[in-house]
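Asks: Here is a sequence together with a model predicted from it:
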Amino acid sequence: MKHLINGEWTGADLEQIDVTNPANGAIVDTVPKGGKSEAKQAVDAAYEAFRPWSKLTAAERSEKLEKWHNLIDKHQEELATTMTKEQGKPMKESRGEIGYANSFIKWYAEEGKRVYGETIPASAENKRIFVTKQAVGVVAVITPWNFPAAMITRKIAPALAVGCTVVIKPATQTPLTAIKLAELAVEAGIPKGVINVVTGKSSEISAVWQDDPRVRKLTFTGSTEVGRTLMEGASKNIKKISLELGGHAPLIVLEDADLDNAAEQAVASKFRNAGQTCVCANRIYVAESVEKEFTEKLKVLVEQLKVGDGLDDETDIGPLIDSDAVDKVLSQIEDAKSQGAKVITGGEKIGELFLTPTVMTGITEEMACMNDETFGPLAPIATFKTEEEAIQRANDTIYGLAAYLFTSDIGKAVRLSEDLEYGIVGLNDGGPSTAQAPFGGWKQSGIGREGGHHGLEEYIETKYISLKI
Ligand SMILES: NC(=O)c1ccc[n+]([C@@H]2O[C@H](COP(=O)([O-])OP(=O)(O)OC[C@H]3O[C@@H](n4cnc5c(N)ncnc54)[C@H](O)[C@@H]3O)[C@@H](O)[C@H]2O)c1
Ligand SMILES: O=C[C@H](O)CS(=O)(=O)O
C-alpha cells in the first residue's frame, strides 16, 4: 500500500516496510518507509490546505465528516478484517473498534457546529469585547498499534471538525487500517491535504514535525516513555501538545460488591485486546473476606475464553503484538511465582505469540506486575484489609489513567471515587470508554482530553477582540 500526501497515493518508489500478521507471521502487505522528505511534504500539503478548509463553515465540514462516517459504516467488515490481520485482535473486537472509532466522527461532525464564542462586558463604555475560537492550524498526530482506528479518529475527528488539517504517523506495526480510513476520507470528498498519512521512520518523521513552526500542535498516544521524549522536543518551540500515555489501572472489589458483576467486568476490562489496552485492569485488589469467592468466579469466566486466530469468530483472545510483549508477560508471571504467588489458571505460551489468559493470587506490591504496565493477559489478585489501604495502594503509582471500583454502597462509591487519583473511574463498570466523555490521564498518564466537548478544546485557539467605538 502507499501513503497519502497532498491527495496523492505515493511511496511505491521508497524502501518498503513489511506489515505482518501476529497470528501467523505472514506478510499482510507493505507500506513505504517514509522519512524526513515525506514528513516535510505532508506539512507543506496540510499547511496549504489549512486556510480553505478552516474557512469552510462548520456545517460544510460536518457534511464531509458525515459522508466519511457513512462510508466507514458501509466498509466496517473490510476495515475490521484489515485490523485483525495487522494487529491480531479478534474480529468481534475489531468490528467493535471500527464502530467506536466511527462514533468519534459522528460525535464531532455534530459537536464542531457548537464551538461558541462569548461577549464580555467591557469596563469602558466605548469598548466591546468579543471572544472567538479558531482552529489551531496544522496538527501532527502520532498513534499506537493497539487501537489502529480509534486512536486516530479520536484525534482527527475533532481536529477536522473545527477546521484543522492533519499529518498522521500511524504505528509501524499497524498502518494499514489508517491508510484504509484515509482512502474512505478521500472518497467522502475531504479535500486534498486535509488528511495526510505518512508511514515510516517514527523518530525521523516526528523530528521534522516537532521542528516545523507550521505544525502548531502535536497530539500523541502511546507509551509514557515516548511521550516524555516528544514533550521535551515540543518544548523547543513551545508547541501545543496533548498526550495520552501509559496506564496501570487498579480494580478494587469491596466486600459489599456484586461479585458476579465484578468478575464479569474484570474480565471485560482485563482481557480486551488480550490485555493490550491502556485502561486494562492491571492490578486487582480484593477485600480479604471475599477473595476466595471472587477468584473462583473469575477463574470460571477466564477458562471460558477461547485463544486463537482473530479471524475466527469464536476467538476471544488473539496473539500479542510481538515477542517482546510475550516475554514481558512471562517474566512478570515468573517474577511473581518466585516471590510466592500462585497461578490459578493460564500462564501457558502457545505458538509464537499466544498466551493463555492468566489469573494469579498471593500477589504483593513488590512484584513487577504491580509496578509496570503488563500490557498482556495477566490478572494479578492482591488482597486488602481496609478501604483506606486499598485506595492508598491504588494511588501509589506514577500513572493515573483509569481505575475501577466495585461496591454496592453509593456513599462509598462517591467518596472513594473522589479519592482515586485517576482521570477515568469505572464504578461497577469495566468499560467506561465512550465518545461523549473526556478520556485522559492524571499524573504521568497524559495531558489533555479526547472525547466529549472537552476534546474540541485541544484543537482550538481562543482570541478576544477589543473594539473601541
Ligand atoms: N492513554 C491512551 O489513550 C493510550 C491509548 C493506547 C495506548 N496507550 C499506551 O501506548 C503504549 C502501547 O503503544 P505503543 O507500543 O505503540 O507505544 P509507543 O510509545 O512505543 O509508540 C507509539 C507511537 O509512537 C511512535 N514512536 C515510537 N518511538 C518514537 C520516537 N522516539 N519518536 C516519535 N515517535 C515514536 C510509534 O511508531 C507509534 O506510532 C502503552 O504504554 C499504552 O498504555 C495509551
Ligand atoms: O488503549 C487505549 C485506548 O484508549 C483504550 S479505549 O479503547 O479508549 O478504551
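Replies: Okay, I see it. Ligands and ions are numbered 1, 2, ... in the order given.

Asks: contacting residues around V286?
Replies: By Cβ atoms under 8 Å, 6 or more residues apart in numbering, the contact list for V286 reads 253, 294-295, 381-384. For every residue, glycine as well, the C-beta is placed using N, CA and C.

Asks: now whichever residue of the stretch 301-450 of the chain sits closest to ligand 2: how far from ligand 1?
Replies: Across the stretch 301-450 of the chain, the shortest distance to ligand 2 (Cβ to the nearest ligand atom) belongs to S433, at 3.2 Å. Distance, S433 to ligand 1, by Cβ to the nearest ligand atom, to the nearest Å: 9 Å.

Asks: How about the secondary structure of that residue?
Replies: The assignment at S433 comes out as coil when based on DSSP: H, G, I helix; E, B strand; the rest coil.

Asks: Check the burial of it by counting its neighbours.
Replies: Neighbour count for S433, taken as other Cβ atoms under 10 Å: 19.

Asks: For it, give me phi and psi.
Replies: With angles defined as degrees, to the nearest 10, S433 shows backbone torsions of phi -70, psi 130.

Asks: Quick check, it in contact with C278.
Replies: No - assessed by Cβ atoms under 8 Å, S433 is found out of contact with C278, at 9.7 Å.

Asks: Once you drop chain neighbours, what's closest to the residue nearest the centre of the chain?
Replies: Residue closest to the average C-alpha location in the chain (Cα atoms, centre = their mean): M151, at 4.7 Å. Leaving out its chain neighbours, the residue that sits closest to M151 by Cβ to Cβ, 6 or more residues apart in numbering is T143, at 4.2 Å.

Asks: That neighbour: neighbour count?
Replies: Applying other Cβ under 10 Å, we find 27 residues neighbouring T143.

Asks: what do you get for E458?
Replies: 23.

Asks: and it, how far is that from E450?
Replies: For E458, the distance to E450 equals 7 Å [Cβ to Cβ, to the nearest Å].

Asks: who touches both of the two?
Replies: 158, 242.

Asks: ok, for A45, nearest residue in space, not its chain neighbours?
Replies: Among residues not flanking A45 along the chain, N6 sits closest, at 3.5 Å (Cβ to Cβ, 6+ apart).

Asks: Surely the one you found touches D44?
Replies: Yes - using Cβ under 8 Å, N6 makes contact with D44 at a distance of 7.3 Å.

Asks: sorry, back to before: which residues touch the residue of the stretch 301-450 of the chain closest to ligand 2?
Replies: 100, 279, 424, 439, 451.

Asks: Would you mark the buried spots in stretch 321-338?
Replies: Neighbour counts over stretch 321-338 (16 or more other Cβ atoms under 10 Å) mark 321, 325-326, 328-330, 332-333, 335-336 as buried.

Asks: can you check stretch 234-253 too?
Replies: For stretch 234-253, burial by neighbour count (16+ other Cβ under 10 Å) applies to 234, 239-253.

Asks: Let me see the contact set for the residue of the stretch 51-200 of the chain at minimum distance from ligand 1.
Replies: Nearest residue of the stretch 51-200 of the chain to ligand 1 (Cβ to the nearest ligand atom) works out as P144 at 3.2 Å. Shown in contact with P144 (Cβ under 8 Å, 6+ apart): 151, 171, 221-223.

Asks: redo that, cut-off 10 Å
Replies: If you count contacts by Cβ atoms under 10 Å, 6 or more residues apart in numbering, P144 has them with 151, 170-171, 173-174, 220-223, 226, 244-245, 276, 278, 321.

Asks: Kindly report the same for A59.
Replies: 109, 112-113 are the contacts of A59 under Cβ under 10 Å, 6+ apart.

Asks: Tell me if I'm right that A26 and L311 touch.
Replies: No - between A26 and L311 there is no contact under Cβ atoms under 10 Å: 11.3 Å.

Asks: okay, those two: which has more neighbours?
Replies: Of the pair A26 and L311, L311 is the one with more neighbours under other Cβ under 10 Å, namely 18 against 10.

Asks: Where does that one fall, secondary structure wise?
Replies: Per DSSP states H and E: L311 is located in neither a helix nor a strand.

Asks: I figured it was touching T81, is that so?
Replies: Yes - L311 is within contact range of T81, at 7.3 Å (criterion: Cβ under 10 Å).

Asks: Which residues of the stretch 151-300 of the chain lie near ligand 2?
Replies: 277-279 (Cβ under 6 Å from any ligand atom).

Asks: Now which of those would you call buried?
Replies: Buried among those (16+ other Cβ under 10 Å): 277-279.

Asks: hmm, back to that, restricted to strands, list the contacts of P144.
Replies: Counting by DSSP state E, these place 220-221, 244 in strands.

Asks: pLDDT for these - can I get that in CSV?
Replies: Compiled in CSV, the ones in strands among the contacts of P144 are given as follows (pLDDT from 0 to 100):
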residue, pLDDT
F220, 98
T221, 98
E244, 98
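
Asks: Go back to those residues and keep what's next to ligand 1.
Replies: Intersecting those with the surroundings of ligand 1, defined as Cβ under 6 Å from any ligand atom, gives 221, 244.

Asks: Reformat the ones in strands among the contacts of P144 as TSV; add distance to I17.
Replies: Compiled in TSV, the ones in strands among the contacts of P144 are given as follows (distance: Cβ to Cβ, whole Å):
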residue	distance to I17
F220	20
T221	20
E244	24
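
Asks: Thank you kindly, that will do.
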